[in-house]
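S.K.: any chance you could fold what I've pasted below:
(2 chains)
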Amino acid sequence: MLKRVHFPASLLPYLLVAPQVIITLIFFIWPASQAVYQSFLIEDAFGFSTEFVWFENFEYLLQDDHYRDSFGRTIFFSAAVAFLSMSFALILAGFADRVIRGSTTYRTLLIWPYAVAPVLAGALFLFMFNPTIGIFPYLLEMVGYDWNHYLNGRQAMFLVIIAAAWKQVAYNFLFYLAAMQSIPRSIIEAAAIDGAGPIRRFATIIFPLISPTTFFLLVINAVYAFFETFGIIHAVTQGGPANSTTTLVYKVYNDGFIGLDLGGSAAQSVILMFMVIVMTVIQFRFIEKRVQY
Amino acid sequence: MAGITLDSLTKSYGPTEVLHHIGADIEDGEFVVIVGPSGCGKSTLLRMIAGLESITSGEVFIGDKMVNGLEPADRDIAMVFQNYALYPHMTVRQNMAYGLKIRKMPKAEIDRRVQEAAEILEIAQYLDRKPRQLSGGQRQRVAMGRAIVRDPQVFLFDEPLSNLDAKLRVQMRLEIRKLQKRLGVTSIFVTHDQVEAMTLGDRLMVLNGGYVEQFGTPIELYERPASVFVAGFIGSPAMNFFRATADDLSVTLPNGAVVPTAQSARGGVICGLRPEHLVRDPSGPIEMEVELLEHLGGVTLLHGPLQGTDQQMVISLEGISEIQIGDSLRFSLPPELVHLFDAQTDRRIG
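M.R.: Numbers count the residues shown, from 1 in each chain, chains lettered A, B, ... in the order given. Model (predicted):
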């Protein structure tokens, strides 16, 4: 039996947690509850009348082809961003792990993109890929490829994926490098003596041993691509052309603030909220008991 | 099967040379132990033979083949690491089979070899477990198993016993020795433990500060240590050293005691006396005042200063002694058991 330590009752601990609780209540719980309440309402575009409609907004969403398309698009977008940024980070970390001379410089440079704000990252790619003045369309034209993401939805999607993945590479790289460097050197050396070349060592020893990190990053990247890429999309394509880059988060903004369908927008954000909760639960459970190998 | 030849092997990190022109001929099937204090370069030397560390200059031959430019995988060696370096995500069976699979050996042959090695090492019942489900001693066996299934020309051991507790270490030491004799594979074993070195090795290479102090059989090292370092390193408790003045076949200790010797020398020398060689002799030249007694059962250790000086010495007597603290006792030893070393070079005289 553990003996419980008793402290004299005092107001101090409550005072100390109070600021955190107040901030959470005002900036998180209250807006969230407002969103939930709002999602049960239908309001006309001018705000003259409001009607309480229970789940009608949700029912409408589930039947809405635009919403379902956006759902599918978001999943494709997230999967592509996660796959691209994680595989690039993995390759870079694999090389960085082998570098001995100048490794600090190399690592520092690779971490920089993470410090760039999403909107700026978007602006960077916007300029580089601008159909009239960008460098990439110019180069692509020389090999006979016509680039115009203002007209071509596939190209627009490709562009936001690249921009979003580029920004996340640095983060993934850090985690992968840390994971690789925590593998005891002697295990790699033992594999080398056993006859495994660098690529084989990577595939059969290093990659399986960093699988907990891969799983962790998968969740993090999915959350990132789902919820934190608004700035990039807003700067690069504004959801267009023809909604071809409208992800769920972008649609919440678009329907609510441009389309002024506050009820529908709130319903969408409630659905997103549940998705975040589910992902967070998955991640917490994962952190509690790490993947066993 | 193959011997190993090291020819003037040198290792530098930048301008700092850490191993200086190491040369040795290791015969086919021989068990050589590289022993020395930490930082003497023994692990570096082993890793250079394995190909895990680059060679600054000099050559390594395994058999008749110069292996300087070969990858570790192409040197036909197997290595057992201090922390075992088992692949944590693979079962014992997969760990042992890994190297064979890479060499594209037929499945049936792999199974046969793994089974055989597991039976030799008595780990057959653990083949489907993961390393983390095994005890330290069992992991050690798996690491050995991974080495022997490969059937290499050379085994390299990098302090494989230092993570085990004292009892298990003694047991594994004997097993490694038996296994090596049975397989007859040329082996190099690195350790800082002189008892391990003495019991395991056919020959010992004593390394100090990147130099080979002496390379010989355990008995040679004990009976004719080539330097003060070897003399102090081999044997427990350590040899007693005194600065002394030699005059042909005798030396004069700091307190004026004259001890006969078999080595002929003149002038300033270092005189070494092994604690276990001194015997009680009422007319002996060496007198010691007992300050501390250690009763170990089989032997009794006497600590105290050489009479008339403040130089501490140790004497080891057989059995349980009736000697009391404060006693002043006289000892002597046969002249051929007195070791003399040059006071300038620390090397053995004669």
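S.K.: didn't B:Leu156 look like it was pressed against B:Met48?
M.R.: No: with contact defined as C-beta atoms under 8 Å, B:Leu156 does not count as touching B:Met48 (10.5 Å). All C-beta spots, glycine's among them, are computed from the backbone N, C-alpha and C.
S.K.: of those two, give the one with the bigger neighbour count.
M.R.: More crowded of B:Leu156 and B:Met48, by other C-beta atoms under 10 Å in any protein chain shown: B:Leu156, with 26 against 23.
S.K.: next, that one: secondary structure please.
M.R.: strand (DSSP: H, G, I helix; E, B strand; the rest coil).
S.K.: which residues touch it?
M.R.: By C-beta atoms under 8 Å, 6 or more residues apart in numbering or on different chains, the contact list for B:Leu156 reads B:Leu46, B:Ile49, B:Ala50, B:Ile77, B:Ala78, B:Met79, B:Val80, B:Ser187, B:Ile188.
S.K.: need phi/psi at the closest residue to the second one other than its chain neighbours.
M.R.: Computed as C-beta to C-beta, 6 or more residues apart in numbering or on different chains, the closest residue to B:Ile49 that is not its neighbour in sequence is B:Val60, at 5.7 Å. For B:Val60, the backbone dihedrals are phi -120, psi 130 (criterion: degrees, to the nearest 10).
S.K.: any idea how far B:Val60 is from chain A?
M.R.: Note on B:Val60: its distance to chain A, by C-beta to the nearest C-beta, to the nearest Å, is 15 Å.
S.K.: tell me, what's the model's pLDDT at that residue?
M.R.: We note a pLDDT of 91 for B:Val60 in this prediction.
S.K.: okay, and the beta partners of it?
M.R.: Per DSSP bridges, the residues bridged to B:Val60 are B:Leu6.
S.K.: and for it, the neighbour number?
M.R.: Around B:Val60 there are 22 residues (other C-beta under 10 Å).
S.K.: if I pick it, what's in contact with it?
M.R.: With C-beta under 8 Å, 6+ apart, B:Val60 has these contacts: B:Ile4, B:Thr5, B:Leu6, B:Asp7, B:Leu9, B:Met48, B:Ile49, B:Met66, B:Val67, B:Asn68.
S.K.: among the residues you listed, name the buried ones.
M.R.: B:Ile4, B:Thr5, B:Leu6, B:Leu9, B:Met48, B:Ile49, B:Val67 (16 or more other C-beta atoms under 10 Å in any protein chain shown).
S.K.: can you name the element that comes right after the helix or strand of chain A with the lowest mean pLDDT?
M.R.: The helix or strand of chain A with the lowest confidence, counting by mean pLDDT, DSSP states H and E, is strand A:50-52 at a mean of 77. Using DSSP states H and E, the helix or strand that follows strand A:50-52 in sequence is helix A:56-63.
S.K.: how far out from the middle of the chain is that next one?
M.R.: Centroid separation for helix A:56-63 versus its chain: 26 Å, with C-alpha atoms, centre = their mean, to the nearest Å.
S.K.: mind listing what's buried along that helix?
M.R.: A:Glu56, A:Asn57, A:Phe58, A:Tyr60, A:Leu61.
S.K.: go on, stretch B:225-233?
M.R.: Neighbour counts over stretch B:225-233 (16+ other C-beta under 10 Å) mark B:Pro225, B:Ala226, B:Ser227, B:Val228, B:Phe229, B:Val230, B:Ala231, B:Phe233 as buried.
S.K.: give me every residue that touches the last one.
M.R.: Pointing back at B:Phe233 there. With C-beta under 8 Å, 6+ apart, B:Phe233 has these contacts: B:Val35, B:Gly36, B:Pro37, B:Gln194, B:Val206, B:Asn208.
S.K.: list the contacts of the helix or strand in which the fifth one is found.
M.R.: Secondary-structure element containing B:Val206, defined by DSSP H and E: strand B:203-208. Outside of strand B:203-208, the residues that reach it under the criterion C-beta under 8 Å, 6+ apart are B:24, B:26, B:30-37, B:40-42, B:45, B:197-198, B:212-218, B:221, B:229-230, B:233-234.
S.K.: and that strand, which strands flank it?
M.R.: Sheet partners by DSSP bridges: for strand B:203-208, these are strand B:31-35 (parallel), strand B:211-216 (antiparallel).
S.K.: pick the most deeply packed of these.
M.R.: strand B:31-35 (a mean of 25; mean count of other C-beta atoms under 10 Å in any protein chain shown).
S.K.: that strand versus strand B:154-158: what angle between them?
M.R.: 30 degrees (axes from the mean of the first three to the mean of the last three C-alpha atoms, to 10 degrees).
S.K.: how far does strand B:31-35 sit from the chain's center?
M.R.: 6 Å.
S.K.: give the rounded mean pLDDT of the following helix or strand past that strand.
M.R.: Moving toward the C-terminus from strand B:31-35, the next helix or strand (DSSP H and E) is helix B:42-50. Average pLDDT, helix B:42-50: 92.
S.K.: could I get the CA-only coordinates of helix B:42-50 as CSV?
M.R.: C-alpha atoms of helix B:42-50 as CSV (Å, rounded to 0.1, in the frame of the first residue of the first chain):
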residue,chain,number,x,y,z
LYS,B,42,42.7,-2.5,-28.0
SER,B,43,39.2,-2.1,-29.3
THR,B,44,40.4,0.1,-32.1
LEU,B,45,42.9,-2.6,-33.1
LEU,B,46,40.1,-5.2,-33.2
ARG,B,47,37.9,-2.9,-35.2
MET,B,48,40.6,-2.3,-37.7
ILE,B,49,41.0,-6.1,-38.2
ALA,B,50,37.2,-6.3,-38.6
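S.K.: grab the nearest non-local neighbour of A:Ile193.
M.R.: B:Pro72 (4.6 Å).
S.K.: mind pulling up the pLDDT for that neighbour?
M.R.: Note on B:Pro72: pLDDT of 88.
S.K.: mind listing what it touches?
M.R.: With C-beta under 8 Å, 6+ apart, B:Pro72 has these contacts: A:Glu189, A:Ala192, A:Ile193, B:Ala50, B:Gly51, B:Leu52.
S.K.: can you list these in a markdown table and add distance to B:Leu174?
M.R.: Below are the contacts of B:Pro72 laid out as a markdown table (distance: C-beta to C-beta, whole Å):
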| residue | distance to B:Leu174 |
| --- | --- |
| A:Glu189 | 27 |
| A:Ala192 | 30 |
| A:Ile193 | 25 |
| B:Ala50 | 25 |
| B:Gly51 | 30 |
| B:Leu52 | 28 |
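S.K.: pull out the buried residues from those.
M.R.: Buried among the contacts of B:Pro72 by 16+ other C-beta under 10 Å: A:Glu189, A:Ala192, A:Ile193, B:Ala50, B:Gly51, B:Leu52.
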